[in-house]
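A.B. asks: What follows is a predicted protein model with its sequence.
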Amino acid sequence: MTITQLSVYMENRPGKLAAVVSELSEAGINIRAMSLADTSDFGLVRLIVSDLNKARDILKEMTLVFSNKVLAVEMDDRSGALSTILNTLNEGDVNVEYMYAFVGKQPYSAYAVMQVDNIEKAEELLENRKIRTLCDEDLIKFTK
């Protein structure tokens, strides 16, 4: 299973990130996860949100935005949990291109969002190890 991530390109200037977050907030959209990378001129914000279509429409008015499928992997919030996931992918020769992680709402739960070079193979490897991946519908449940 995969989730849909929004990627937003914006000028690397004061107030740009605040404007994006404010617009989503005013529309009642919950940011479930966020990552920010920058260069001297532009930033790339990756977002997992509670209402994908509404967020995409809002952000299209403000800046360049696109969506893609990524893996969201559920894990225990404990030492070694991420290592197990990454070793599983490595054993299957799946490369992690980027990743961001965060703790969950439930005690001792955490999640890693990752872009890999072969999503289908990664899903199969993780499923064989009984490692749960999330889908967009799971994010809706978490929001309510």
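C.D. replies: Alright, I've got the coordinates.
A.B. asks: Low-confidence stretches in the protein?
C.D. replies: The chain contains residues with pLDDT under 70 at 139-144.
A.B. asks: on contacts alone, who are the packing partners of the lengthiest strand in the chain?
C.D. replies: If you go by DSSP state E, the chain has its longest strand at strand 64-76. Contact analysis of strand 64-76 by 3 or more C-beta pairs under 8 Å, 6 or more residues apart in numbering; DSSP states H and E lists strand 3-11, helix 52-62, helix 81-91, strand 109-116, helix 119-128 as its packing neighbours. Quick note: C-beta positions are derived from backbone N, CA and C, even for glycine.
A.B. asks: CA-only coordinates of the shortest one, as PDB, when you get a sec.
C.D. replies: What follows is the C-alpha trace of strand 109-116 in PDB, where atoms were taken according to Å, rounded to 0.1, in the frame of the first residue of the first chain:
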ATOM      1  CA  SER A 109       4.100   4.000  17.600                       C
ATOM      2  CA  ALA A 110       6.100   5.700  14.800                       C
ATOM      3  CA  TYR A 111       6.000   6.000  11.000                       C
ATOM      4  CA  ALA A 112       8.600   6.400   8.300                       C
ATOM      5  CA  VAL A 113       7.600   8.000   4.900                       C
ATOM      6  CA  MET A 114      10.000   7.000   2.100                       C
ATOM      7  CA  GLN A 115      10.500   7.200  -1.600                       C
ATOM      8  CA  VAL A 116      12.200   4.100  -2.900                       C
END
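A.B. asks: can you give me the offset of it from its chain's centre?
C.D. replies: 7 Å (C-alpha atoms, centre = their mean, to the nearest Å).
A.B. asks: got a list of contacts for that strand?
C.D. replies: Applying C-beta atoms under 8 Å, 6 or more residues apart in numbering, the contact partners of strand 109-116 are 3, 5, 33, 35, 46, 48, 68, 70-77, 81-82, 85, 89, 94-104, 122, 134.
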